[in-house]
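> predicted model, plus sequence, below.
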Amino acid sequence: MPHALQGKTAIVTGGSRGIGRAIAEGLAANGAAVVVNYVSNSKAADEVVAAITSKGGKAIAIQADISSVPDVRRLFDETESQLGAIDIVVANVGVAVIKPLVEASEADFDLVFGTNAKGTFFTLQEAARRVRDGGRIIAVSTGGTKMYFTHTALYLGSKGAVEQFVRVLSRELGPRGVTVNALSPGFTDTDLLPERDRAVAAGMSPFGRIGAPRDVADVAVFLASNEARWLTGENIQAGGGVA
């Protein structure tokens, strides 16, 4: 689908590294003009933009802290100002604090829920207000919400909230032809997956390996395309068969 998204404008929050970067590059390779959102690492975001533009794509980097509602709104304002109306939003930002529930502090809770739940909620809110009719909204969750790992109460709780946001918003935006779906990666080769866990994680997949960011990104590109027009309110598992 090299031109499937031609003429579309997309925002990818947390688009400077890992799965977010792969999604940004995948959308651009299929013709979309992409906003690469980042919070602090401008160098990494600029590298993504350069990688896209060097292949003839269109991309810009916009700094915004998704845990800040004014920043979320500014991100959408600047996107519309520089690239026009928005067609695709991928709410990808996520942070994790891994520790037993009894050891989690209020600061830990505020960090994880402030980014993953609050940040995603207000990203979805702005997307709902601004995405054109027939648009695509994708929120990145995690396959972990159905696996109940220890020490992950904060992370999985915040992502469980995201999945509920998606289900409700899909009903609210259906009359406009806007699809809203969750995308749940499994064990993926990013800096969130500790080296010590990789061999075990690979053994849990029928494919005998962990995922590459591109594996997940290709699913996101599909969800952003017209071919996914009949999918909404779903939680698409992109975990290589890990269950």
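Perfect, thanks for sending it.

> wait, doesn't residue 72 sit right on residue 126?
Yes: taking contacts as CB atoms under 8 Å, residue 72 lies within contact range of residue 126: 5.7 Å. Placement of C-beta: from N, CA and C, glycine included.

> and those two? Which one has more around it.
residue 72 (26 against 21; other CB atoms under 10 Å).

> enumerate every residue touching residue 71.
For residue 71, the contacting residues are 64-65, taking CB atoms under 8 Å, 6 or more residues apart in numbering as the criterion.

> repeat that with 10 Å
Shown here is residue 71, whose contacts under the criterion CB atoms under 10 Å, 6 or more residues apart in numbering are 37, 39, 62-65, 119, 122.

> among those residues, which lie within strands?
37, 62-63 (DSSP state E).

> any chance of those residues in CSV, plus pLDDT and neighbour count?
Output for those, formatted as CSV (pLDDT from 0 to 100; neighbours: other CB atoms under 10 Å):
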residue, pLDDT, neighbour count
37, 98, 30
62, 98, 21
63, 98, 17
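
> now residue 192, nearest residue through space, not along the chain?
Nearest in space to residue 192, with sequence neighbours left out and distances taken as CB to CB, 6 or more residues apart in numbering, is residue 96 at 6.1 Å.

> which neighbours do residue 72 and residue 126 share?
Common contacts of residue 72 and residue 126, defined by CB under 10 Å, 6+ apart, comprise residue 91.

> farthest-apart pair in the contacts of residue 71, please.
In these, two members sit farther apart than any others by CB to CB. They are 63 and 122, at 16.6 Å.

> residue 215: which of the ones in strands among the contacts of residue 71 is nearest?
When the ones in strands among the contacts of residue 71 are compared for distance to residue 215 (CB to CB), residue 37 wins out at 21.8 Å.

> contacts only, for that closest one.
Residue 37 makes contact with 11-16, 20, 24, 45, 61-66, 71-72, 75, 78-79, 90-93, 123, according to CB under 10 Å, 6+ apart.

> what's across from it in the sheet?
Bridge pairing for residue 37 (DSSP bridges) gives the partners residue 62.

> in three-state terms, label residue 136 for me.
Judged by DSSP: H, G, I helix; E, B strand; the rest coil, the three-state class of residue 136 is strand.

> helices of the chain, start to end?
Taking DSSP state H as the test, the helices found in the chain are 18-29, 42-53, 69-83, 106-112, 120-130, 153-173, 198-203, 213-224.

> for the ones you listed, which has the smallest mean pLDDT value?
Taking each of the helices of the chain in turn, the lowest mean pLDDT turns up on helix 198-203, with a mean of 92.

> contacts for that one?
Residues from elsewhere that reach helix 198-203, judged by CB under 10 Å, 6+ apart: 186-189, 193-194, 208-211, 239-240, 242.

> how far off centre is stretch 161-177?
Mean C-alpha position of stretch 161-177 versus that of the full chain (CA atoms, centre = their mean, to the nearest Å) differs by 16 Å.
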